[in-house]
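In: Predicted structure and sequence below. I'll ask about it afterward.
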Amino acid sequence: MASLWTAPTWISAFYAKFPLIVFEQEDTLPLDDAARPCLWIHASTSRHRPWASTSPSSLRYQLLLLFRGVPVNFRHWQNEEAVPGSSLPVLQVDHRLLATSDIRPWLDDEYPSDDLSGMKDQATYDRAVAAAQLVLMYLLPALLASLHKPVDIISPIPDRLAAGISTILPSALTGTARVAGDQLLARGIDALSALEPMTEDWGMGATHPTPLDALIASHLYAVSALPNGPLRDRIDGPLAKYMERVLDFAEQQMRSAIP
């Protein structure tokens, strides 16, 4: 039977510019999981840990959510340009998508932690911030250089990371400077050497995994996926054992959240 009403040609032409997007079956959540938050992430390249994104930004938030005991699903998002803020990860919760910058505030509101992010006192917290800067300003640029991605300017300390800090950080950790690729690699290797003594236990001697552990382990995991080279080879030994311990803990959290 023909339709009782046919849209004008100009309407059909207009909507033809916006084709219906149909998700593949693997992107459809099971009904019993539909109420859970879903973190959309960069895909994993690991067969050993297929749940763990090899993008440090995505894995960092995976670990943050798991460390807080959030029952969460992980799904791969193929087109990063189509996500809020044009960057992954994004968190789907209550029928809305939270951009990367909004995930941590949501987490702190829904699953609050202590003000010092698991650190025993202010001085320890300040040292943790300095350690985080080693990762963000030295290790991450070295990782990007190893992937042959452009790294023009090293960003200053993020505002959220600096919140609550009482110790003045050295200018070497807060300035912006242009450096060559070989210098980036050398600084990244030095950062790994400086981080190694901090990884004998949880971050800064905490009694449980902390946001600092999520930050360090997510970047170590990305480095471990690199081809053999000076940066990749440096994480063999204690750093690799620490990384595996953090990821093992996260997997245990995933299993305990399965109904």
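Out: Perfect, thanks for sending it.

In: Only C-alpha atoms from now on, for both contacts and neighbour counts.
Out: Will do.

In: mind listing the strands for the protein?
Out: Here the chain has its strands, by DSSP state E, at 38-41, 73-76, 90-93, 96-98.

In: so how far is the third one off the chain centroid?
Out: A distance of 14 Å separates the centroid of the chain from that of strand 90-93, by CA atoms, centre = their mean, to the nearest Å.

In: ok, residues contacting that strand?
Out: Strand 90-93 is contacted by residues 36-41, 83-84, 97-100, 103 when judged by CA atoms under 8 Å, 6 or more residues apart in numbering.

In: With the last one instead?
Out: Residues external to strand 96-98 that are found in contact with it (CA under 8 Å, 6+ apart): 84, 90-92.

In: Parallel or antiparallel, list what pairs with it.
Out: Here strand 96-98 has these sheet partners by DSSP bridges: strand 90-93 (antiparallel).

In: got the buried residues for the strand it pairs with?
Out: By neighbour count on 16 or more other CA atoms under 10 Å, the buried set for strand 90-93 is 90-93.

In: try stretch 102-121
Out: Going by neighbour count (16+ other CA under 10 Å), the buried part of stretch 102-121 is 103-104, 116-119.

In: So what would you say the end-to-end distance of it is?
Out: 26 Å (CA to CA, to the nearest Å).

In: got the contact list for L139?
Out: Contact analysis of L139 by CA under 8 Å, 6+ apart lists 187-189, 191-192, 219.

In: Any regions of this protein where pLDDT drops low?
Out: 1-34, 150-180, 259 (pLDDT under 70).

In: Now do the domain split for it, please.
Out: What automatic domain parsing lists as the domains of the chain is 34-110, 122-256.

In: how about the residue lying closest to Y111 once chain neighbours are set aside, phi and psi?
Out: Nearest residue to Y111 in three dimensions, chain neighbours excluded: R68, at 6.6 Å (CA to CA, 6 or more residues apart in numbering). Per-residue torsions, R68: phi -90, psi 0 (degrees, to the nearest 10).
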